[in-house]
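S.K.: I would like the atomic coordinates for the input below:
(one chain, ligands or ions: 1)
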Amino acid sequence: MLDLLITNATLPDGRRNMSLAVRGERIVEVSPGLQAPAHETLNAGGMLLSSPFVDAHFHMDATLSYGLPRVNQSGTLLEGIALWGELKPMLTQDALVERALGYCDWAVAKGLLAIRTHVDVCDPRLLAVDALLEVKRRVAPYLDLQLVAFPQDGVLRGTQGPEQHLNNLIRALDKGVDVVGGIPHFERTMADGALSVRTLCELAAARGLRVDMHCDESDDPHSRHVETLAQETQRLGLHGRVTGSHLTSMHSMDNYYVSKLIPLMAEAQLHVVANPLINITLQGRHDSYPKRRGMTRVPELMAAGLTVAFGHDCVMDPWYSLGSGDMLEVAHMGLHIGQMTSQAAMRQCFDAVTCNPARILGLEGYGLEAGCYADMVLLQAQDPVEAVRLRANRLKVWRRGQCVAEQPRPLTTLHLPGRPPHTDWLQHRAPGGSDSGPPPGPQ
Ligand code: FE2
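M.R.: Numbering: from 1, shown residues only. Down below sits the predicted model:
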């Protein structure tokens, strides 16, 4: 006897009328038209059943703090960092935990069940580290939280000497933080930035940890720390374990230099996370017109075989006043900034918030195959492109086979003479291409 049988689902790879069988925490079978006894059966009505969304880049210690102690007037990255510096001394562990748990509620409701969050380690109290380790423990039944030790103020820029922040970072790793972070473009000189990359990669190699650095988050075409990051990855044998986050300077680099850089990144099997909502709002701030978009070269990096994800980065914090944990909104913005408008490219944007970040985080048991965890989201859309177009409603979210969030299918009633009584924004279609009216909903 199965615990759950979902029938008549469309999968992200395009297969239709698929059944998915769950026993306990795992998917046990995925096949077309399967019928079998189950404690619960759900007809997906042709809607898209996906693995959950994954956010490869977030700042949960700052989230939902918008307006504390004031708002970012200029809207720049640097004022955001200064504002976060003003807020840090006022933080309490209870408030941090409460805001983070509130955000995780939003995330689950949006089908976002795994998040890699950076946590600032420059405060010697490591208050945010302790808070997010507590949050990680509390949300573990329903959300995978991976922590990155992030020296927001620069690992070599401690006011009490270059060892101060590095020691804090090492203490954070000792407490159980998972990944080594960095911010080479924010060190005082290019040379210090390169030194920080080497030091932090060596630390990660010695401890067998992954690396995820904020890297070259500026419009400066000469900010080239990603080159050092790729080279150190090769030197230390960290292939496939290192992520360059943001890489916005690549938007402004000379094309010849990039033609040499991307193959080096591919050799190192570097992963890349672009953060479209934040890149489009923070970059280009020193430009008049034309005003650069600032997002890294996503289509070119994907074409070179690198794993590229879109991250949310910020929600209602010193850097960004909007957001709701909706990774389809992130994919939607990434699609537009990257001009990724072909059918294949739009599907890649869906992958950039699902399977690609899952690979970057190294999630075990992720996917819609027999043996994977029964972690799934049912979307009110018929394929990944429609899901991105509509930022589709999450009708049902499962974690380890248990429903953790659900929403009745919304129905908008029209009062228009001679027109249908309802609309749902789906593209109505039928085999053979004829228009046969709206598809059935989940029952
Ligand atoms: Fe970030």
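
S.K.: Please name the bridge partners of the residue positioned nearest the centre of the chain.
M.R.: By CA atoms, centre = their mean, the chain has its centre lying nearest to residue 55, at 2.1 Å. Residue 55 has these beta-bridge partners by DSSP bridges: residue 115.

S.K.: For it, give its distance to residue 313.
M.R.: Taking CB to CB, to the nearest Å as the measure, residue 55 falls 9 Å from residue 313. No exception for glycine: its C-beta is placed from N, CA and C like everyone else's.

S.K.: Contact partners for the residue nearest to the centre of the chain?
M.R.: 107, 112, 114, 115, 116, 311, 312, 325, 327, 330, 353, 357 (CB atoms under 8 Å, 6 or more residues apart in numbering).

S.K.: just so I have it, where are all the strands in the stretch 251-400 of the chain?
M.R.: 271-274, 308-310, 376-379, 394-399 (DSSP state E, counting those that start in this stretch).

S.K.: can I get these in JSON lines with distance to residue 121, mean neighbour count and mean pLDDT?
M.R.: Formatted as JSON lines, these follow (distance: least, CB to CB, whole Å; neighbours: other CB atoms under 10 Å; pLDDT from 0 to 100):
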{"stretch": "strand 271-274", "distance to residue 121": "19", "mean neighbour count": "28", "mean pLDDT": "98"}
{"stretch": "strand 308-310", "distance to residue 121": "23", "mean neighbour count": "30", "mean pLDDT": "98"}
{"stretch": "strand 376-379", "distance to residue 121": "33", "mean neighbour count": "26", "mean pLDDT": "98"}
{"stretch": "strand 394-399", "distance to residue 121": "29", "mean neighbour count": "24", "mean pLDDT": "98"}
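
S.K.: a markdown table for those strands, including distance to residue 201?
M.R.: As requested, the strands of the stretch 251-400 of the chain are exported to a markdown table (distance: least, CB to CB, whole Å):
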| stretch | distance to residue 201 |
| --- | --- |
| strand 271-274 | 14 |
| strand 308-310 | 20 |
| strand 376-379 | 35 |
| strand 394-399 | 34 |
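
S.K.: wait, which of those is closest to residue 16?
M.R.: Of all the strands of the stretch 251-400 of the chain, strand 376-379 sits nearest to residue 16, with 14.4 Å by CB to CB.

S.K.: Report how many residues lie close to residue 281.
M.R.: Neighbourhood size, residue 281 [other CB atoms under 10 Å]: 20.

S.K.: That one and residue 77, how far apart?
M.R.: 10 Å.

S.K.: Any idea which of the strands of the stretch 251-400 of the chain gets closest to residue 349?
M.R.: Nearest of these (CB to CB): strand 308-310, 7.1 Å.

S.K.: Note down every partner strand of that closest one and its orientation.
M.R.: Paired strands of strand 308-310, with direction, are strand 271-274 (parallel) (DSSP bridges).

S.K.: and for the partner strand, what are the contacting residues?
M.R.: Contacts for strand 271-274 (CB under 8 Å, 6+ apart): 56-57, 212, 240, 242-247, 265, 295-296, 298, 301, 306-311, 334, 357, 359-360.
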